[in-house]
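# Everything below, folded, please.
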Amino acid sequence: MDIFLLILGFLIVLLGVVGSFLPVLPGPLTSWIGLLLLHLTKTVPINYTFLGITLGVALLIWLIDYIIPALGTKKFGGTRYGVIGTMIGLILGMLFLGPFGIIIGPFLGAFLGEMLNERNSGKALKAAFGSFIGFLTSTFLKFIAAIIFTGFYIAIFWDYKTSFFNF
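Numbering: from 1, shown residues only. A predicted model of the protein is given here:
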């Protein structure tokens, strides 16, 4: 059973890395589940502090993943209308456009929000670009966290490798 959990945990950690780029999967949370599976083996003792801290980090990244595009919009000169448009576009994009909606939705939402506020397409496009930069930033953050969790997984396994393969 330990070998099964070990392999499944590693596959889930790797799936978390892929999930950093796919909007359908929450990358760091998925990677954290892989870490949890490793700790559920009889070989690796459960470290509640480690699991709690890494879960907190994964949840924080999951939460700010929805906020960063709006911050990018604001940073690039977007008004309140652009920020609200980004958030609405994110939700509607996920609902109606699937995985690509997380990229297209906030961009279109910010653009339309700014166009409703004032009919300046240059300013609206700049705010929409900020939303896209925010998306890239949150993707990078998720990827880094998932890679770190993968490194933790490998390091913990390496410490207990002889216990797993004790012939």
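
# Which neighbouring elements make contact with the longest helix seen in the chain?
As assigned by DSSP state H, the longest helix anywhere in the chain is helix 121-164. Here helix 121-164 touches helix 2-19, helix 27-39, helix 48-64, helix 68-75, helix 80-97, helix 101-117, going by 3 or more C-beta pairs under 8 Å, 6 or more residues apart in numbering; DSSP states H and E. Yep, even glycine has a C-beta here, placed from its N, CA and C like the rest.

# Quick one: closest of the ones you listed to Leu141.
helix 48-64 (6.0 Å; C-beta to C-beta).

# Give me the below-cutoff pLDDT ranges for this protein.
By pLDDT under 70, the low-scoring segments of the chain are 23, 167.

# does Leu55 really touch Trp32, like I thought?
Yes: if you go by C-beta atoms under 8 Å, Leu55 and Trp32 touch, sitting 5.7 Å apart.

# For the closest residue to His39 other than its chain neighbours, which three-state class applies?
Ranked by C-beta to C-beta, 6 or more residues apart in numbering and with sequence neighbours excluded, the top spatial neighbour of His39 is Ile46, at 4.8 Å. Following DSSP: H, G, I helix; E, B strand; the rest coil, the label given to Ile46 is coil.
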